[in-house]
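Undergrad: coords please:
(4 chains)
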Protein chains: 2
Amino acid sequence: MEAAASRNPLTSSGSAAPYGIQVVENCVDCGARQKTLFCRMSAETMREMNMIRQTALYPQGAVLFVEGETPRGLFILCSGEAKLTAGSQQGESIILRLAESGELLGLSSLIAGSPYAATAETLTPAQVAFIPARKFQRFLRSHPDVALRVAEHLSMELHKSWEQARLLALAPSTRSKLAQLLLEWAAEHGTVDEEGVAVPFHMTHEEIGRIIGASRETVSRLLSDFRRRRLIRVKGGLVHLVPEELRAAAL
Amino acid sequence: MEAAASRNPLTSSGSAAPYGIQVVENCVDCGARQKTLFCRMSAETMREMNMIRQTALYPQGAVLFVEGETPRGLFILCSGEAKLTAGSQQGESIILRLAESGELLGLSSLIAGSPYAATAETLTPAQVAFIPARKFQRFLRSHPDVALRVAEHLSMELHKSWEQARLLALAPSTRSKLAQLLLEWAAEHGTVDEEGVAVPFHMTHEEIGRIIGASRETVSRLLSDFRRRRLIRVKGGLVHLVPEELRAAAL
DNA sequence: CGCAATCGGTGATCGGCATCACAGCCTGGC
DNA sequence: GCCAGGCTGTGATGCCGATCACCGATTGCG
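TA: Next up, the predicted model:
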């Protein structure tokens, strides 16, 4: 996966899209604009930002930046998903946050002027816009409204971080943490169907373990148990569940 | 401790200071100005802020705001310490962050326009400046440079939050978490003396447990153990330790 | 002063979860 | 088609830390 970072990613030059993702040519008519704080700006400001950004496509598993690096710039996840991880010297790591399309990566390090505090890696093929540090800082200084958007985005990140801490520290058991994680995903990405809520599910048990602070085996066992107790049903890349049932059963 | 919140706190009107704390009359010559991001602003901006803030003194254990409330305004901890806690329905709670003089409380909720995500309570008698939400928002809009300071402060908070998550999730044992917490305090607040580093130490074992996610008994036992093994020495409100020794002994 | 409340220390017990170990599975690549 | 490598399921074992149960020490307050 380190190899992917050094590989020069293809630019979105309008030709055939590799990795089978949808290419967004222009920030102004980006579908993620509505959802993300950063993109709710005046058309004028958007156009200017369009000038200083450059877009690239990355495969799954590409490393955008590594913990400890001095910030090179701001990454905007136009499409796809990514994870932010922090590691210990012993080689273990935790997943601090999952980021979705429209989110900004590396923002806080750039603002604080400190090294990246986490490593960013794509979980799916992804289109990523990049703004070099210098240009971003100039952009920021000349557009006061952007600074406010930045503050809003940071607030959102902070809240998510606290939610995460709450999940980890306050849950009475690993079983409960896993259930809450599933419920959270269901609330955010689930689609309602005839048998409850369907949630896309493409992470490995190992990765889930590193989100909730549990071992791979424990995640396996708990999911088996949930399945046995009919709290969840797994089909293809989807998990089906009934939120109330799961919540009730898993404290 | 709820009583303290409703009790009308004395204003810093220049008379005798209650609770034995030092009163800072004016933000412009506040000692904390240098240390805190928020206060590094032009004299002009500072004066304006001085106009819209109001200062109050609180005793130890006073609750500034409660998780779930809609934000009333921004709190600035001029002197003293405070803790931010998040609770579960079952009545348990964790300490998300310790705040010191110069820090801002409630900032992210105010920016995001969402309810306070945590409860703020003073750990010592404290002087606290308050800026009502409305006035703060107006102030923010009319002073673009302040928005940047706000973003910087939020970045700092985010980094601390991640550090905390790292501490909680990556440490191999509770022993290690406690050791790291002590080392962190030593690095931030310690003063070097003949027998190593002296760290002020006024939290109860219960509270320490709620920072590192451990029970009161375990904290007691571990501290006893550290003492037996001569890794720390407790005298009055101080802990003496030699960072290298503790680090080496506690993995 | 004396009582109550909080804090700190320690033993005993017990269960949840990490760890080790290994065996089926799927997927992609040659 | 077949092998390799990553993912998943599950058993056995053992340990760390939560919990319960006390008691002594300290603090604060009437």
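Undergrad: C-terminal to the helix or strand harbouring A:V219, what's the next element?
TA: Element membership of A:V219 [criterion: DSSP states H and E] is helix A:216-228. Helices and strands here follow DSSP H and E; after helix A:216-228, the next one along the chain is strand A:232-235.
Undergrad: and DNA strand C, is that next one touching that?
TA: No: using CB under 7 Å from any atom of the strand, we find that strand A:232-235 stays clear of DNA strand C, coming within 12.1 Å at best. In short, each C-beta sits where N, CA and C put it, glycine included.
Undergrad: which residues touch that strand?
TA: Counting contacts by CB atoms under 8 Å, 6 or more residues apart in numbering or on different chains, the residues outside strand A:232-235 that touch it are A:182, A:195, A:201, A:223, A:226-227, A:239-241, A:246.
Undergrad: which two from these end up farthest apart in space?
TA: By the measure CB to CB, A:E195 and A:L223 form the most distant pair in those, at 17.7 Å.
Undergrad: which one of these two has more residues nearby?
TA: Shown here are A:E195 and A:L223; by other CB atoms under 10 Å in any protein chain shown, A:L223 has more neighbours (18 against 11).
Undergrad: now do the more buried one against A:G209, distance only.
TA: Here the criterion is CB to CB, to the nearest Å. By it, A:L223 lies 11 Å from A:G209.
Undergrad: what do you get for A:E195?
TA: 27 Å.
Undergrad: quick revisit: other SSEs contacting the helix holding A:V219?
TA: Helix A:216-228 makes packing contacts with helix A:174-189, helix A:205-212, strand A:232-235 when contacts are defined by 3 or more CB pairs under 8 Å, 6 or more residues apart in numbering or on different chains; DSSP states H and E.
Undergrad: can you list these in TSV and add mean neighbour count, distance to B:G73 and mean pLDDT?
TA: Rendered in TSV, the data for the helices and strands packed on helix A:216-228 read as follows (neighbours: other CB atoms under 10 Å in any protein chain shown; distance: least, CB to CB, whole Å; pLDDT from 0 to 100):
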stretch	mean neighbour count	distance to B:G73	mean pLDDT
helix A:174-189	18	30	96
helix A:205-212	20	35	97
strand A:232-235	15	44	92
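Undergrad: quick one: closest of those to B:I76.
TA: Counting by CB to CB, and looking across all of those, nearest comes helix A:174-189 at 33.1 Å.
Undergrad: what helices and strands are in contact with that closest one?
TA: Using 3+ CB pairs under 8 Å, 6+ apart, helix A:174-189 sits against helix A:144-170, strand A:196-200, helix A:205-212, helix A:216-228, strand A:238-241, helix A:243-249.
Undergrad: for the last one, buried residues please.
TA: Residues A:246-247 are the ones in helix A:243-249 that count as buried (16 or more other CB atoms under 10 Å in any protein chain shown).
Undergrad: my read is that A:Q60 contacts A:K83, right?
TA: No: using CB atoms under 8 Å, A:Q60 and A:K83 do not qualify as a contacting pair, with a distance of 11.2 Å.
Undergrad: joint contacts of these two?
TA: Listed contacts common to A:Q60 and A:K83 are A:L123; contacts here mean CB under 8 Å, 6+ apart.
Undergrad: the more surrounded of these two?
TA: Between A:Q60 and A:K83, counted using other CB under 10 Å, the more crowded position is A:K83 (20 against 16).
Undergrad: next one: the helix or strand encompassing the more buried one, is it in contact with chain B?
TA: A:K83 belongs to strand A:82-87 when assigned by DSSP H and E. Yes: residues of strand A:82-87 contacting chain B under CB under 8 Å from any CB of the partner chain: A:86-87.
Undergrad: re the thing from before, nearest to DNA strand C among the helices and strands packed on helix A:174-189 would be which one?
TA: helix A:216-228 (3.2 Å; CB to the nearest atom of the strand).
Undergrad: which parts of the stretch 101-250 of chain A sit against chain B?
TA: For the stretch 101-250 of chain A, the residues found near chain B under the criterion CB under 8 Å from any CB are A:107-109, A:111-112, A:114, A:117-118, A:140-141, A:144, A:147-148, A:150-152, A:154-159, A:161-162, A:164-166, A:168-170, A:172, A:213.
Undergrad: quick one on the thing from earlier: by pLDDT, rank the contacts of strand A:232-235 and give me the bottom one.
TA: Of all the contacts of strand A:232-235, the model is least confident about A:E195, whose pLDDT is 80.
Undergrad: perfect, I'm done here.
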